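> Turn this into a model:
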Amino acid sequence: MPCARHRLVWYELRRLGAHDCGGVGSRLRTARRGAGLTQKALASELGVEPITVSRWERDVTTPSLPRLRRIAELTDTTVSDLVRAPDAASAHAVELAALREELAETRELVNRVVRMLSRLERPRSVPSSALASRDS
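Numbering: from 1, shown residues only. Modelled structure (predicted):
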């Protein structure tokens, strides 16, 4: 009876999520960010709508066990990591690492914009042949 088993897993996941500080959703979000995936990208890989991933991360709903397995594969983690609350220090460390990575990407983007603006601000050199024809 796969349906009953999935319902039991869902119940257990919800029960576990209710007693820890983060819930399955926050661990899923942390794993997704740590893997560098957006909600849209994860949804695409799983064949679901992005709103579904959002609902999982907000603990409105919980992914099925087969989906949790696939999420674990995509985020290079385990189903246990997704359903079991880690200690607070390691959870914060993972979240900080993900935020540092996002910050590094943002810095790189800002640096590219600054370089582009610098190039656009430089006066363009006028070819000498254009100067000669303008003077005649």
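
> dump the residue contacts of Val53.
Taking Cβ atoms under 8 Å, 6 or more residues apart in numbering as the criterion, Val53 is in contact with Arg32, Gln39, Lys40, Leu42, Ala43, Leu46. The C-beta positions use only the backbone N, C-alpha and C, and glycine is treated the same way.

> Give me the pLDDT value at the second one.
To tie it back to what came earlier, the one meant is Gln39. What the model reports as pLDDT for Gln39 is 94.

> Give me the distance between it and Glu49.
10 Å (Cβ to Cβ, to the nearest Å).

> can you give me the strands for the chain?
Along the chain, counting by DSSP state E, no stretch forms strands.

> in it, which spans are helices?
Using DSSP state H, the helices of the chain run over 2-19, 23-34, 39-46, 50-57, 65-74, 79-83, 88-121, 128-135.

> deepest of these, which one?
Highest mean neighbour count among the helices of the chain (mean count of other Cβ atoms under 10 Å): helix 23-34, with a mean of 22.

> quick check: mean pLDDT across it?
Computed over helix 23-34, the average pLDDT equals 91.

> now it against helix 50-57, angle please.
Here the directions of helix 23-34 and helix 50-57 differ by 120 degrees (axes from the mean of the first three to the mean of the last three Cα atoms, to 10 degrees).

> which among the contacts of Val53 gets closest to Val94?
Checking those against Val94 by Cβ to Cβ gives Arg32 as the nearest, at 11.1 Å.
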